[in-house]
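J.: I would like to see how this sequence folds:
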Amino acid sequence: MEYTFSNKISSLQPSAIREILKATADPEIIPLAAGNPAPDAFPVKEVQEIASKILKEEPITALQYSISEGYPKLRKTVSDWMKKRENIGKEFDDTLILSGATQVMDLVTKILCNEGDTVICEEPSFIGSLNCFRSYGCKLKGIPVESDGMDVNALETALKECDNVKFIYTIPNFQNPSGATMSLEKRERLYALAKEYNVIILEDNPYGDLRVTGKALPCIKSMDTDGIVIYAGSFSKILSPGLRVAYCIAPKQITAKMTVGKQAEDVHTACLNQMIVNEWLTNYDVDSHIEKIRGIYRKKLELMCSLIDEELGDFVEYVRPEGGLFVWCKLPDDVDMLDFVRRAVEKKVAVVPGNAFLMNDTDKTQYIRLNFSTPSDEGIIKGIKALGELSKEYK
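T.: Numbering: from 1, shown residues only. You can find the predicted model right below:
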């Protein structure tokens, strides 16, 4: 039978990251292409204790249907937690619990955008979000990312020239894939421009707690006195990506429509998983755990950067990130980036080609993304040394 697919999905291509990750099924491949938390960053013992307690004391609540907005106790816990930590949440805001942060992107696009509307994105940006926006028939307008975040002058030009801009998508902390952190000045300018042009900001902050150096900056949502910022947070990087628990803090009119959209997707986020997160936030030392994770990633980032300097120092250019999970490396102009990626796999190292993160993934770029959280320290050493050997073949 010949199958015909919808216009919304037929133009989408498989995630380049996921395709490359297929190569990591080979145990000999060093996964510098991944973005998973380090195995020793999971609070396994605590989750085992929590799950056992919940299933013993509240099994029916954990196993039964629940409301679409999220487990009420967790909604309050997250609201209080974010108000205390980030000064996020005004009287006009509400909190939803969702099935991973990607569902925030999906529901926001679903409720705000019609086919042909424009979404302004940082370029490069996270492939998962870009594909989500594309799946609703949105036009993507890329704004270059500089060392201190989005080029806000280019953003202003885009806001003047583009039609039907529905929202601006940004990852201000340790941006994926560039690792850049948006400066305070640019955060304030971004908010002012969005207000001036009556455009919503979708602030995606999955890596904010993974700062390993430098001073923390206020979230854009903390500046929101006009109800124009939608904030996406997640427990994937500090607790567990497998639990698929994320949250959205946004104006109540928006969360109400997102709730209706969620009912058509998955009814509600898994109850047991929400209860695990709530118990962890309420009765365990979360701050101590986050400091532990930062220590793990600080060591891994330092190891990777020192090896890049030693093995690839005269071959690649990069800006050392202050946190997150990624290092964004620029290859020499005369090197075929895709050829480099293919030959790296032949040397048993997987990296992500930079074009995967562009608005048009057929555009040329010299960048590759490296991840330091997933591989072991030994894997980082072997992987960067292998890339160093590969670089000599181009010389």
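
J.: direction included, what does the helix or strand where Ile120 lies pair against?
T.: Assigned by DSSP states H and E, Ile120 belongs to strand 118-123. Strand 118-123 sits in its sheet next to strand 139-146 (parallel), strand 165-170 (parallel), going by DSSP bridges.

J.: centre of the chain versus the following helix or strand past that strand, how much separation?
T.: Tracing the chain C-terminally past strand 118-123 and defining elements by DSSP H and E, one meets helix 127-135 next. Computed by C-alpha atoms, centre = their mean, to the nearest Å, the chain-centroid distance of helix 127-135 equals 12 Å.

J.: now the angle from helix 127-135 to strand 118-123?
T.: Helix 127-135 and strand 118-123 are oriented at 160 degrees to each other (axes from the mean of the first three to the mean of the last three C-alpha atoms, to 10 degrees).

J.: contacts for stretch 285-296?
T.: Pro37, Ala38, Asp40, Ala41, Pro43, Asp209, Leu210, Arg211, Val212, Ile238, Trp280, Gly323 (C-beta atoms under 8 Å, 6 or more residues apart in numbering). All C-beta atoms are positioned from the backbone trio N, CA, C, and that covers glycine.

J.: what about the fourth one, how many residues nearby?
T.: Just to be clear, that refers to Ala41. 22 (other C-beta atoms under 10 Å).

J.: quick one: the helices in the stretch 151-300 of the chain?
T.: For the stretch 151-300 of the chain, the helices defined by DSSP state H, counting those that start in this stretch cover 152-161, 184-196, 252-263, 271-283, 286-312.

J.: buried residues, the third one. List them.
T.: Taking 16 or more other C-beta atoms under 10 Å as the basis for neighbour counts, the residues of helix 252-263 that come out buried are Ile254, Thr255, Lys257, Met258, Thr259, Gly261, Lys262.

J.: what is the burial count for Ile111?
T.: For Ile111, using other C-beta under 10 Å, the count is 17.

J.: any idea how far Gly313 is from it?
T.: Note on Ile111: its distance to Gly313, by C-beta to C-beta, to the nearest Å, is 48 Å.

J.: check the separation of the first and last residues in stretch 167-174.
T.: Taking C-alpha to C-alpha, to the nearest Å, stretch 167-174 runs 21 Å from one end to the other.

J.: and the strands in this structure?
T.: 30-31, 93-98, 118-123, 139-146, 149-150, 165-170, 200-204, 229-234, 246-251, 317-318, 326-330, 349-350, 352-353, 367-371 (DSSP state E).

J.: out of those strands, nearest to Arg189?
T.: strand 149-150 (9.3 Å; C-beta to C-beta).

J.: out of the helices of the stretch 151-300 of the chain, deepest packed?
T.: helix 271-283 (a mean of 21; mean count of other C-beta atoms under 10 Å).
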